[in-house]
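**Student:** Curious how this folds, go ahead:
(chains A and B)
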There are 2 protein chains.
Amino acid sequence: MQQNIKSDYVLSMDFGGTKLAAAVINICTGNIISIARKKTPALQGAGATINTMVEIGKEVLEQSELTDQIKRIGISFGGLVDKSQTTVLHSHHVEGWDGLVLTEIISNIFNLPTYMDNDVNAAALGEWYFGSGERAKNFIYIQISTGVGAGLILNKYLYRGEGLAGEFGHTTVIPDGPKCVCGRNGCIESLCSGWAIARDGKAALHTTTRDSLLWQLSNGLEDNIDAKLVIDAYRKNDPSAKAIIKRAFTNLAIPIANSICLLDPEIVMLGGGIAHAKDVILEILEPVLEEQVHYIFKDRYRLVFSELNGQETLLGAALLSNNDEYINN
Amino acid sequence: MQQNIKSDYVLSMDFGGTKLAAAVINICTGNIISIARKKTPALQGAGATINTMVEIGKEVLEQSELTDQIKRIGISFGGLVDKSQTTVLHSHHVEGWDGLVLTEIISNIFNLPTYMDNDVNAAALGEWYFGSGERAKNFIYIQISTGVGAGLILNKYLYRGEGLAGEFGHTTVIPDGPKCVCGRNGCIESLCSGWAIARDGKAALHTTTRDSLLWQLSNGLEDNIDAKLVIDAYRKNDPSAKAIIKRAFTNLAIPIANSICLLDPEIVMLGGGIAHAKDVILEILEPVLEEQVHYIFKDRYRLVFSELNGQETLLGAALLSNNDEYINN
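**Tutor:** Residues are numbered from 1 along each chain as shown, chains lettered A, B, ... in the order given. A predicted model of the protein is given here:
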């Protein structure tokens, strides 16, 4: 496989729990030539999901008018991927995935070599190569969305450990903190993820008055409360939202400072849906980081935010196919 | 420099705060051909220390009768080393080191290419290559001695980040915990290092009775109390020593579990003087790790202890000279 990968077009697929996306991408420039999205038919299971993805994959190939030039496929999967990067270990969102050799299935359908990793690693790679990660030697990407995870680029390679590295969301911050989905307590995911903020917002509804902003924004209904609404209420000075959001992002400082101590990165990036609230996060996080980052690291790293507008995962998935350059298997 | 490094003999130097050691080492087999130690003339500063090291360096060269076969020197330095691995940034123990280009000084004296890193990275490399690190793909070495630090071998390379990676000792565990030497609070070093255990032992002397074991072992004198004495008192069931040691090693569980989450290593090793108390550490640490390690990592890593009897640093320093193989500059 000694092709000139710099001029390659790649078919990229992003299997998310709620959305599927496929695109043809020029991995030299990061240009997206064609793109299509569909809702994940989650209730119909893995088979239906794959069929839908194949459909939109063929669609973007046709639209691109570059089918002959596409030699590889890259997949981002929203769940655990095994060490060989061929097989799904587990999806938290859709039934029937466990053990599926997804790269083989897709490879056989399109008759192209296929590469895969989990969505956080894909996003990290996309941000590192095409975004504010600036291809730094050492880069920590922290994704704060429904859950919390990290992707690491160390010594200019995507770092996978023994296959499951980057579980930043389950590093413990407050041992007697809130229950986490992993069964333990006080993981950073249980404090500042989308689900944690929503949980705290719903709980606050029971202790707040009808004239509170939180009540008004949600019409007093738990089901209307998500992290975005709580962040909006924070911006508008609702007292319970203030307390919730302050706790969430204050607690981010220690695991970030600890990762800096351990890995001495050049750049730390916050990405994912929740990190769109850059103003809110910085207002809370910056002063605490100032206290918590060990003095020898203070001027050595930069904290940046994602600027790729949600395309980092598709871009990174495409780059997975370029596995000679920054992927150490 | 395309020599066959596998047959190389290396002059290795370990600049410690209290002891200096030099050795001629076969880096293929790990055999120590000749070795000499001297006390660090700390009060006389960096110049006297270098002179003493040069003296014992020449001594071991002569003893080895291999001077002609020695083509390189490796240095372990007990303090901060700069990113280029040539210059001392800071020694906490001896005056006059800051900014010294130690590799150049030694290289000029012996007329041999010289390589350097800090003592924890050297020890990590030694343990990884010749010890229970077993040359694992991903290896975390945690040194618990007077201070606490870590050395990381990631993807089979010594990982340095931007030059200062591995400051595991200053990852925060209890934000309102004891004051640390770094100015912050509740770093793991402030909880389980040699100085932290000694501090707690000295403090306990003021609240314990004359018939207590802690009092008897120390003759009631703070100056007689060090970490080893407190660990001895723990083994003999002294109640205050029990409480001190239990707190120290219980708190190790969370930063270890967090590092596993982030880096997914194959092997985690505890080394350094305090880790000689393997029985005590395991008794306390194992049940807490069982709770604190995220379930997906439970059967994926091994916790081991150093078995190189204090020679890991000299061995690792020698390996630093072999910088094509597992050192990524």
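**Student:** C-alpha only now, for contacts and for neighbours.
**Tutor:** Fine.
**Student:** how about the residues of the stretch 151-300 of chain A that lie near chain B?
**Tutor:** For the stretch 151-300 of chain A, the residues in contact with chain B (Cα under 8 Å from any Cα of the partner chain) are A:154-155, A:159-168, A:170-173, A:182, A:184, A:254, A:257-266, A:291-292, A:294-295.
**Student:** Just the buried residues of the residues you listed.
**Tutor:** Buried members of those, counted by 16 or more other Cα atoms under 10 Å in any protein chain shown: A:154-155, A:159-168, A:170-173, A:184, A:254, A:257-266, A:292, A:294.
**Student:** and those, which of them are in helices?
**Tutor:** Applying DSSP state H to those, the entries found in helices are A:Ile254, A:Ala257, A:Asn258, A:Ser259, A:Ile260, A:Cys261, A:Leu262, A:Leu263, A:Gln292.
**Student:** Let's have these in JSON lines, adding pLDDT and distance to A:Gln44.
**Tutor:** Putting those into JSON lines (pLDDT from 0 to 100; distance: Cα to Cα, whole Å) gives the following:
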{"residue": "A:Ile254", "pLDDT": "96", "distance to A:Gln44": "41"}
{"residue": "A:Ala257", "pLDDT": "97", "distance to A:Gln44": "42"}
{"residue": "A:Asn258", "pLDDT": "97", "distance to A:Gln44": "42"}
{"residue": "A:Ser259", "pLDDT": "98", "distance to A:Gln44": "39"}
{"residue": "A:Ile260", "pLDDT": "98", "distance to A:Gln44": "42"}
{"residue": "A:Cys261", "pLDDT": "97", "distance to A:Gln44": "45"}
{"residue": "A:Leu262", "pLDDT": "98", "distance to A:Gln44": "43"}
{"residue": "A:Leu263", "pLDDT": "98", "distance to A:Gln44": "42"}
{"residue": "A:Gln292", "pLDDT": "95", "distance to A:Gln44": "47"}
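**Student:** farthest-separated two in the residues you listed?
**Tutor:** Put simply, by Cα to Cα the two of these set farthest apart are A:Leu263 and A:Gln292, 15.4 Å from each other.
**Student:** ok and the residue in the stretch 1-150 of chain A nearest chain B?
**Tutor:** When scored by Cα to the nearest Cα, the stretch 1-150 of chain A has A:Asn138 as its residue closest to chain B, at 6.2 Å.
**Student:** Report how many residues lie close to that residue.
**Tutor:** By the criterion of other Cα atoms under 10 Å in any protein chain shown, A:Asn138 has 24 neighbours.
**Student:** how about the strands in chain A?
**Tutor:** Remark: strands assigned in chain A by DSSP state E are A:9-15, A:19-26, A:32-39, A:70-77, A:80-81, A:88-90, A:114-118, A:139-144, A:148-154, A:157-159, A:267-271, A:302-305.
**Student:** what pLDDT, on average, does the shortest one get?
**Tutor:** This points to strand A:80-81. The pLDDT scores in strand A:80-81 average 92.
**Student:** Identify the residues contacting it?
**Tutor:** Residues external to strand A:80-81 that are found in contact with it (Cα atoms under 8 Å, 6 or more residues apart in numbering or on different chains): A:Thr87, A:Val88, A:Leu89, A:His90, A:Ser91, A:Met116, A:Asp117, A:Asn118, A:Gly163, A:Leu164.
**Student:** and what of stretch A:287-306?
**Tutor:** Stretch A:287-306 has contacts (Cα under 8 Å, 6+ apart) with A:127, A:131-132, A:250, A:253-254, A:257-258, A:260-261, A:264-272, A:275, A:278, B:170, B:182, B:184.
**Student:** Stretch A:213-230 now?
**Tutor:** Here stretch A:213-230 makes contact (Cα under 8 Å, 6+ apart) with A:194-195, A:197-198, A:201-202, A:205, A:208-210, A:233, A:238, A:240-241, A:245, A:274.
**Student:** Of these, keep whichever come out buried.
**Tutor:** Buried by 16+ other Cα under 10 Å: A:194-195, A:197-198, A:201-202, A:205, A:233, A:238, A:240-241, A:245, A:274, out of the contacts of stretch A:213-230.
**Student:** Adding pLDDT, write those out as JSON lines.
**Tutor:** Formatted as JSON lines, the buried ones among the contacts of stretch A:213-230 follow (pLDDT from 0 to 100):
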{"residue": "A:Gly194", "pLDDT": "97"}
{"residue": "A:Trp195", "pLDDT": "96"}
{"residue": "A:Ile197", "pLDDT": "98"}
{"residue": "A:Ala198", "pLDDT": "97"}
{"residue": "A:Gly201", "pLDDT": "98"}
{"residue": "A:Lys202", "pLDDT": "98"}
{"residue": "A:Leu205", "pLDDT": "95"}
{"residue": "A:Ala233", "pLDDT": "98"}
{"residue": "A:Asp238", "pLDDT": "97"}
{"residue": "A:Ser240", "pLDDT": "97"}
{"residue": "A:Ala241", "pLDDT": "98"}
{"residue": "A:Ile245", "pLDDT": "98"}
{"residue": "A:Ile274", "pLDDT": "97"}
